[in-house]
Every structure is written in structure tokens, then in C-alpha cells.
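K.L.:
Any chance you could fold what I've pasted below:
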Amino acid sequence: QKMSEYVDVVAMIGLKGEKDILSIPKLTDKTQLVLLEFLQSILSTTANLSNPKVAALATFRMIRISLKYGLSEASAFAFVSMGIILICNRSDFNGAFFWANLALKTLSRSDLNTDSFKARVFCVVYGFVLIWRDPMQANLEKLLEGYNAGCINGDLEYAFWNLQSYSGIALYTGQELTNLEKGLMTYVKRAIQCQTAAARSMVPCLSAVRELNGNQNAKNVYERFLNTSEDYLLQIDDRRTCTLIWTKRKFMRVMKNDMNGAIEVYKSGLLHPLFGTYKKFRFKTIPHIMNVFLDGLIAFYAARISINEKEQWVAVGLESISLLKEWTKLSAWNFRSKLLLCEAEHLSLTGNELALEKYEAAVMSARKTKFIHEEGLGYSRLGFYHLSQGRNAAAEQSFAKSMQCYKQWGAYALVNEMQIEDMS
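P.N.:
Next up is the predicted model:
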């Protein structure tokens with residue numbers, strides 16, 4: 001039935017362009033307005049639906065009503081939801097960008113009272129869709145705008161889902177950690193006061209930020225805000241929170257150059273009932289992107305030290321490279337530095353001297369696109385590569401540049417660990 005509904009939507013669109021759809025009159029049929037409101041109430045709970053097919057059907061029905069009977073405020077939400085479906089089910093990114101832009105322009109129609117849907121549309125457009133095309137950092141202000149719109153218009157649920165997306169994108173794009181910690185502390189407190197589920201999903205990022213900047217109470221953040229522990233949260237039936245925790249754990253191990261620990265996190269994550277199938281997740285957002293990148297780095301390191309499992313690990317790493325190549329075609333800004341670093345690790349594994357050029361290109365790409373943490377990570381991996389080639393002086397210079405990047409990022413815990421390792 002879902003495929004049939006999708007085909008019907010495609011048939012109704014036909015050769016219609018953006019202007020044709022935006023010129024459709026306002027929906028006035030009361031029966032269809034009631035039906036559209038009912039369907040959007042179903043769609044609005046997509047994040048909690050055990051069967052995402054229901055959400056897809058609701059999206060297709062809403063679009064059919066909008067195209068046949070007229071546009072309403074809820075049409076914008078249906079349009080951008082189509083974008084998620086195209087990305088997650090069909091990897092049709094260009095189609096998703098079309099629907100996201102259409103949703104934003106529907107919001108600006110003067111004859112529609114679209115303020116009440118702004119938080120929902122912004123949450124999906126800037127947290128799910130445009131991260132695949134536009135510089136990720138550019139989405140941060142828009143997500144905060146979506147949060148403010150939700151607070152003003154009483155849509156607190158999606159107001160805080162905007163913040164949940166903001167927290168992940170801010171962390172994984174290397175935003176300055178001291179200021180980020182202050183902001184996330186405020187947002188988590190507000191989410192708890194408003195009793196929204198997003199609070200639980202924001203704490204893993206806050207935990208990572210505090211650990212990176214050297215806050216001695218980083219491990220107590222779950223107890224302080226949620227009266228629980230990180231390990232306990234992994235036992236509950238909450239795929240989103242589990243995904244964020246496992247992603248954070250991988251990220252922290254890799255950033256600390258604890259690659260053996262990263263391998264253990266990778267293996268343990270695969271055994272988790274909710275996170276183990278993360279490569280098949282229906283929502284391909286920033287955690288999905290980070291897992292692909294981190295898995296590539298972990299896999300090539302593991303292949304280097306695990307002779308008996310080398311073939312399996314190399315396959316994992318090459319899968320990451322393949323995906324990052326496709327994504328770089330969509331946005332070189334967001335993905336090129338990640339691709340180059342994974343390629344450098346692969347060349348290093350195979351003993352190819354071109355690895356040095358790849359490491360240097362990865363560092364330059366990260367600097368150009370202002371991913372300061374990836375620049376620091378690139379310098380760190382370059383340092384280890386120099387060491388493997390017996391170039392101790394070059395390695396020392398690379399590690400020094402890595403520490404400079406981490407200082408600029410505000411990751412004083414990483415700086416301190418590198419200084420201790422240097423002394424030993």
C-alpha cells in the first residue's frame with residue numbers, strides 16, 4: 001500500500017514544478033481540513049512510532065490532499081517529511097532538497113497561518129535534510145530559530161527537538177566547547193522543566209562536551225540532570241538515545257586516540273539490541289554520518305593490528321570510504337575532510353606512500369571548512385603515521401599542531417592527555 005500511495009503522489013506531481021505547486025490555492029474544504037489535521041497529528045509523532053510505514057502513508061495522503069484540494073499550514077510539514085522518506089528509503093537526496101525548499105517556501109505564503117508549523121518544518125529541514133547539502137555549521141542558527149518559534153507558538157515538543165539536533169551538529173562540527181557547554185546546560189535545564197523527551201537525547205552531547213573540556217564532573221551529568229546513569233539509559237527502549245550514546249562513545253575514544261577502546265565500543269555496539277542495526281536506521285542524520293566516518297577510522301586501525309580479522313575490517317573501512325565518496329558529491333564542505341582522512345588511513349595500512357599527501361589534504365580540507373576538531377584529529381593521525389615511518393621530528397610537529405587545534409576548540413582534556421603522553 002505504501003508503494004501504491006507513493007506512485008500516486010508521483011503521478012499527481014507529474015511535470016509540476018515548484019512554482020506550479022506553490023500557486024495551488026489555499027485549502028478551504030472543511031472535510032479535507034479535518035482529515036489533514038488528523039493525518040498531521042499522526043505524522044507529528046513519527047519519532048515515537050513503532051511502525052514508520054504509518055508515517056510514510058500519512059505523508060503521502062497529506063501531499064495528495066494538498067495537491068488535489070489546496071495547500072494548508074500542514075502541507076509544509078508533509079512536504080519536508082517527504083524529504084526524509086526520500087533520503088532514508090531511496091537515498092534520493094536531490095528529491096529531498098526539492099521537497100525541503102518547497103516546504104520552506106510554503107511557510108512564507110502570506111495567506112497561510114504557518115507560524116504554528118515553523119518549529120516542525122525547521123527541525124526536519126535543517127536537522128535532517130539540508131545537512132547533506134549546505135555547510136552543517138550554517139544550520140545551527142536555523143535550528144535555534146526553530147526552537148524559538150516553537151516556544152513562541154506553543155509547540156514545545158518540536159522546539160526541543162530542534163535543540164536536540166542543534167546539540168549533535170554543534171558537537172560534531174567542532175563548535176567552541178566552553179560556550180557550547182554553557183548553551184547546552186541551559187537548554188537541558190529548560191527541556192527538563194518542560195518535561196520533554198528531548199532532554200534525555202541532549203545529555204549525551206553535553207556529557208561529551210564536558211569530558212572534552214576537562215570538566216571533572218563530566219561523568220555525573222546523567223545523575224545530575226536525569227537521576228540515572230548512561231549505562232542504564234542503554235537498557236531502556238529508546239533507540240534515539242542509545243544511538244546518541246554509542247556514537248558519543250566511539251567519538252570520544254577516537255578523539256582520545258584510544259583506538260583499542262574504540263574497537264571494543266564498535267564490537268559492543270553491534271551486540272546492542274537497538275544500536276546493533278544502526279546502519280539500517282530509517283533516520284539518516286548526524287549520528288549516522290559520524291558512525292560511518294568513525295567506523296572507517298576504527299576499521300583501518302583494527303585491520304593493522306588484527307591479522308586474523310584483517311579482511312573483515314578492511315571491508316568495513318572500504319564501505320565507509322564508498323559512502324563518504326557519494327556524500328562528498330553532495331557536499332564537499334561537509335564530507336571531503338572525512339573522506340580524505342579515511343583514505344589516508346587505508347593507504348597507510350597498505351604501505352602506499354601517497355598516504356602522506358592524503359593526510360595533509362585532509363588537514364587542509366578540515367581547516368578550510370572550519371572543522372577544527374577534524375583538523376586536530378588529522379594532525380594527530382598524521383603524527384602517528386610519521387612515527388610509523390621513523391620520522392620522529394615530523395611526528396612531534398604534527399602532534400604540536402594537533403594540540404593547537406584542540407586548544408582552539410576548547411578540548412583541554414585532549415591537550416592534557418597529549419602532553420602527558422609526550423612526557424612519558
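
K.L.:
Quickly find the element holding Glu181.
P.N.:
If you go by DSSP states H and E, Glu181 is part of helix 177-193.

K.L.:
Helix or strand next in line after that helix, which one?
P.N.:
Following helix 177-193 in sequence, per DSSP H and E, is helix 198-212.

K.L.:
What is that next one packed up against?
P.N.:
helix 156-172, helix 177-193, helix 221-226, helix 230-233, helix 239-255, helix 412-423 (3 or more CB pairs under 8 Å, 6 or more residues apart in numbering; DSSP states H and E). No exception for glycine: its C-beta is placed from N, CA and C like everyone else's.

K.L.:
quick one: the residue sitting nearest the centre point of the chain from Leu226, how far?
P.N.:
Centroid check for the chain by CA atoms, centre = their mean gives Ile286 as the closest residue, at 0.8 Å. According to CB to CB, to the nearest Å, Ile286 and Leu226 sit 21 Å apart.

K.L.:
Tell me which residues are up against stretch 90-108.
P.N.:
18, 21-22, 71, 75-77, 79-80, 82-84, 86-87, 112, 114, 117-118, 121, 124-125, 129-130, 132-133, 330 (CB atoms under 8 Å, 6 or more residues apart in numbering).

K.L.:
So which bits of that stretch are buried?
P.N.:
Within stretch 90-108, the residues that count as buried by 16 or more other CB atoms under 10 Å are 92-93, 95-104, 106-107.

K.L.:
Mind checking the pLDDT average for it?
P.N.:
If you average the pLDDT over stretch 90-108, you get 94.

K.L.:
go on, stretch 193-205?
P.N.:
90.

K.L.:
can you list the residues that contact that stretch?
P.N.:
Under the criterion CB under 8 Å, 6+ apart, residues 156-157, 160-161, 163-164, 167-168, 170-171, 184, 187-188, 191-192, 221-222, 225-226, 230, 233, 238, 240-241, 244-245, 247-248 lie in contact with stretch 193-205.

K.L.:
Mind doing that once more with 7 Å?
P.N.:
156-157, 160-161, 163-164, 167-168, 171, 184, 187-188, 191-192, 221-222, 225-226, 233, 238, 240-241, 244-245, 248 (CB atoms under 7 Å, 6 or more residues apart in numbering).

K.L.:
and the closest residue to Asp238 other than its chain neighbours, how many neighbours?
P.N.:
Excluding its sequence neighbours, the residue lying closest to Asp238 (CB to CB, 6 or more residues apart in numbering) is Arg200, at 7.0 Å. Counted with other CB atoms under 10 Å, the neighbours of Arg200 add up to 22.

K.L.:
cool, and Tyr301?
P.N.:
23.

K.L.:
cool, Val125 as well?
P.N.:
Here the number of neighbours of Val125 (other CB under 10 Å) works out to 28.

K.L.:
wait, doesn't it sit right on Val80?
P.N.:
Yes - between Val125 and Val80 there is a contact under CB atoms under 7 Å: 5.4 Å.

K.L.:
low pLDDT regions in the protein?
P.N.:
By pLDDT under 70, the weakly predicted segments of the chain are 1-5, 7-8, 11, 14-15, 46-52, 218, 276-283, 422-424.

K.L.:
residues in contact with Phe251?
P.N.:
208, 290, 294.

K.L.:
how close does it sit to Asn416?
P.N.:
For Phe251, the distance to Asn416 equals 18 Å [CB to CB].

K.L.:
before we move on, what about Gln164?
P.N.:
Noted for Gln164: a distance of 30 Å to Asn416, by CB to CB.

K.L.:
Name the residues of the helix or strand harbouring Val292 that are buried.
P.N.:
For Val292, the element it lies in under DSSP H and E is helix 286-305. Going by neighbour count (16+ other CB under 10 Å), the buried part of helix 286-305 is 286-304.

K.L.:
One more: stretch 247-259?
P.N.:
Buried-residue list, stretch 247-259, by 16+ other CB under 10 Å: 247-257, 259.

K.L.:
swap in stretch 323-332?
P.N.:
Those would be 323-324, 327-328, 331, for stretch 323-332 by 16+ other CB under 10 Å.

K.L.:
Output it as PDB, nothing but the C-alphas.
P.N.:
Taking Å, rounded to 0.1, in the frame of the first residue of the first chain, the C-alpha atoms of stretch 323-332 are listed here in PDB:
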ATOM      1  CA  LEU A 323      29.600   6.100   1.300                       C
ATOM      2  CA  LEU A 324      31.800   9.200   2.000                       C
ATOM      3  CA  LYS A 325      32.700   9.400  -1.700                       C
ATOM      4  CA  GLU A 326      29.000   9.500  -2.600                       C
ATOM      5  CA  TRP A 327      28.300  12.100   0.100                       C
ATOM      6  CA  THR A 328      31.200  14.300  -0.900                       C
ATOM      7  CA  LYS A 329      29.500  14.700  -4.300                       C
ATOM      8  CA  LEU A 330      26.600  16.200  -2.400                       C
ATOM      9  CA  SER A 331      28.700  18.400  -0.100                       C
ATOM     10  CA  ALA A 332      32.400  18.600  -0.300                       C
END
